[in-house]
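> model this:
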Amino acid sequence: MDNQLTPNRPILLVDDEEAWLHSFSLTLRSKGLTNIRCCSDSRKVMDILSDEEVGVIVLDLTMPHLSGEELLPAIVQEYPLIPVLIITGLDLVDTAVRCMKLGAFDYYTKVSEETRLIAGVKRAVDLSLLRQENDLLKEHFLKDKLDHPEAFSRITTHNKAMRSIFQYMESIANTNEPVLISGETGVGKELIAQALHSLSKRRGEFVPVNVAGLDDTMFADTLFGHKKGAFTGADQTRGGLIEHAASGTLFLDEIGDLSPLSQTKLLRLLQEREYLPLGSDIPKRTDCRMIFATHQNLQEMQEGTTFRRDLYYRLHAHRIHVPPLRERLDDLPLLVDFFVDEAATRLNKKKPTFPKELISLLGTYDFPGNIRELKNMVFDAVSTHKNRTMSMDSFKDYLRLRRPNLDDEIKKHPETLTPFADLPQLPSIKEAGYLLVLEALNRANGNQAIAAEMLGITRQALNWRLKQADRDE
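Alright, predicted model coming up:
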């Protein structure tokens, strides 16, 4: 069924029989392929192609003035990336072979193979879109700039990996294929989805739905709606959120939590572009773009049979993985400044400055809660600050609470947590202490106060150890 609705470049139908043009264009529209251009005069085809970008051509072989067999080599030579499907009233093997050699995408008989022809048009549309996306992707990476930086204004970053993601997003913005956004909790997956919606220039709304905790009935009712009397308490007909997302974007978060039955319903929605409101036996169609997100490893889940394999692969038309904060620590200064400003505004306080040492301190933490956790840390610090410069005390207290008790862990798992397990010869206590000091300084970017804090000693003690090492040399 429909894998792709309404390509952004039209399907050009070329045939001198206007009745067939009308009939077949209606058939394609009923399948969701609504961007169609009809031409009954073959002499106008090359002019049409020079005036506008066409995605797919369906070309009749036998026509007055210029036959399809004459037009085909000219189209293939001048527009080699446009798939051309040849149709004819006669099933002639020699003609079919000749057309394929000339560069036709496929060959069909007009009356007896309409179902195959529809499937062929869809395949050609998919190929055309894939070629467009590849061209856009190459263009974006070669010029290394963003066409619409305003779409990413809510995402604070200057990280190279994030910039590459933005370039990829611009290249897939206008497709209708599903997008899967993966990443740990708190990395900003919904912001990525909102940016994609903004880039797509869709006239409909961005409709987010968190499906975690929804049972099968709630999932179907929330998404698809219900008819009056569908169940006890259904006093009136209600449209689902997918209806609100018409001509827009439906964003389903935490899809890894869906039950097997809900996964089946979602797969049908993706494949058929149709859904059934509860209590109804008349399917409805949707033209919304669908974006999905999860913090779970869907590959492991489908291998372990808790997530449908066919749904897993159907979701992978486009995939975006948002890196965790610990992999983009170069964004810490920007993010801290942004959240300090936001917190001060919301709390009606004057924006404080923060010490440079704060960034070094935060750089020693792995942020399991990612950007959301950093935001909460900053808001807590701003809410309690009283001086012009923000104190680091609340950050230090927070990190102390979340650092594991190393002594207890070593007793439980000495074979995995001791850093000396693989060394053929153990260093002396003095050597090990010096190496530990060097590593702390390295992680603290040379800041002795932060390094001392990490080691649980005073700055004076750290200085003494460094001086002792210098004397020994």
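> count of residues packed around residue 286?
Neighbours of residue 286 under the rule other CB atoms under 10 Å: 22. From N, CA and C alone the C-beta is placed, and that goes for glycine too.
> So that it lines up with my notes, have the first residue be 297 from now on.
Yes, from this point I'll number from 297; that puts the last item at residue 582.
> hang on, isn't it packed against residue 542?
Yes - the pair formed by residue 582 and residue 542 meets the contact definition of CB atoms under 8 Å, at 6.9 Å.
> For residue 649, give me phi and psi.
Taking degrees, to the nearest 10, you get phi -90, psi 160 for the backbone angles of residue 649.
> any idea how far the closest residue to it other than its chain neighbours is from residue 654?
What sits nearest to residue 649 in space, not counting adjacent residues and going by CB to CB, 6 or more residues apart in numbering, is residue 685, at 5.2 Å. As judged by CB to CB, to the nearest Å, residue 685 and residue 654 stand 10 Å apart.
> Give me the pLDDT value at residue 395.
Residue 395 carries a pLDDT value of 86.
> Could you give the number of residues near the residue lying closest to it once chain neighbours are set aside?
Here the nearest residue to residue 395 in space, its sequence neighbours aside, is residue 382; by CB to CB, 6+ apart that works out to 4.7 Å. Each residue near residue 382 was counted by other CB under 10 Å, and the total is 24.
> And the helix or strand hosting residue 382, what does it pack against?
Using DSSP states H and E, residue 382 sits within strand 380-384. Here strand 380-384 is seen to pack against strand 352-356, helix 364-374, helix 389-398, strand 402-405, helix 410-439 when contacts are counted using 3 or more CB pairs under 8 Å, 6 or more residues apart in numbering; DSSP states H and E.
> after the longest one, next one along is what?
Towards the C-terminus, the helix or strand next in line after helix 410-439, according to DSSP H and E, is helix 456-468.
> Distance from that next one to the middle of the chain?
Going by CA atoms, centre = their mean, to the nearest Å, the spacing between the C-alpha centre of helix 456-468 and its chain's C-alpha centre is 10 Å.
> same deal with stretch 321-340?
Averaged over its C-alpha atoms, stretch 321-340 has a centre that lies 32 Å from its chain's centre (CA atoms, centre = their mean).
> for stretch 364-371, same thing?
Distance of stretch 364-371 from its chain centroid, counting by CA atoms, centre = their mean, is 40 Å.
> For it, output the C-alpha coordinates as PDB.
Output in PDB follows, covering the C-alpha atoms of stretch 364-371 (Å, rounded to 0.1, in the frame of the first residue of the first chain):
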ATOM      1  CA  GLY A 364       6.700   7.700 -26.600                       C
ATOM      2  CA  GLU A 365       9.500   5.700 -28.300                       C
ATOM      3  CA  GLU A 366      10.800   8.900 -29.900                       C
ATOM      4  CA  LEU A 367      10.400  11.000 -26.700                       C
ATOM      5  CA  LEU A 368      12.000   8.400 -24.300                       C
ATOM      6  CA  PRO A 369      15.700   8.800 -25.500                       C
ATOM      7  CA  ALA A 370      15.400  12.600 -25.400                       C
ATOM      8  CA  ILE A 371      14.000  12.600 -21.900                       C
END
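> What residues sit buried inside it?
Burial within stretch 364-371, assessed by neighbour count using 16 or more other CB atoms under 10 Å, is assigned to 364, 365, 367, 368, 371.
> Which residue is the nearest non-sequential neighbour of the second one?
The shortest distance from residue 365 to any non-neighbouring residue, by CB to CB, 6+ apart, is to residue 357 (5.9 Å).
> quick one: the one you found from residue 492, how far?
41 Å.
> before we move on, the earlier item: how distant is the strand holding residue 382 from the center of its chain?
Taking CA atoms, centre = their mean, one finds the center of strand 380-384 at 36 Å from the center of the full chain.
> if we can go back for a sec, can you verify my assumption that the residue nearest to residue 365 contacts residue 380?
No - the pair formed by residue 357 and residue 380 falls short of the contact definition of CB under 8 Å, at 11.1 Å.
> Now for residue 587: which residues touch it?
Contact analysis of residue 587 by CB atoms under 8 Å, 6 or more residues apart in numbering lists 474, 475, 477, 489, 492, 493, 545, 546, 547, 548.
> Swap in 10 Å and give it another go.
Taking CB atoms under 10 Å, 6 or more residues apart in numbering as the criterion, residue 587 is in contact with 474-477, 485-486, 488-490, 492-493, 496, 502, 504, 545-549, 614, 616.
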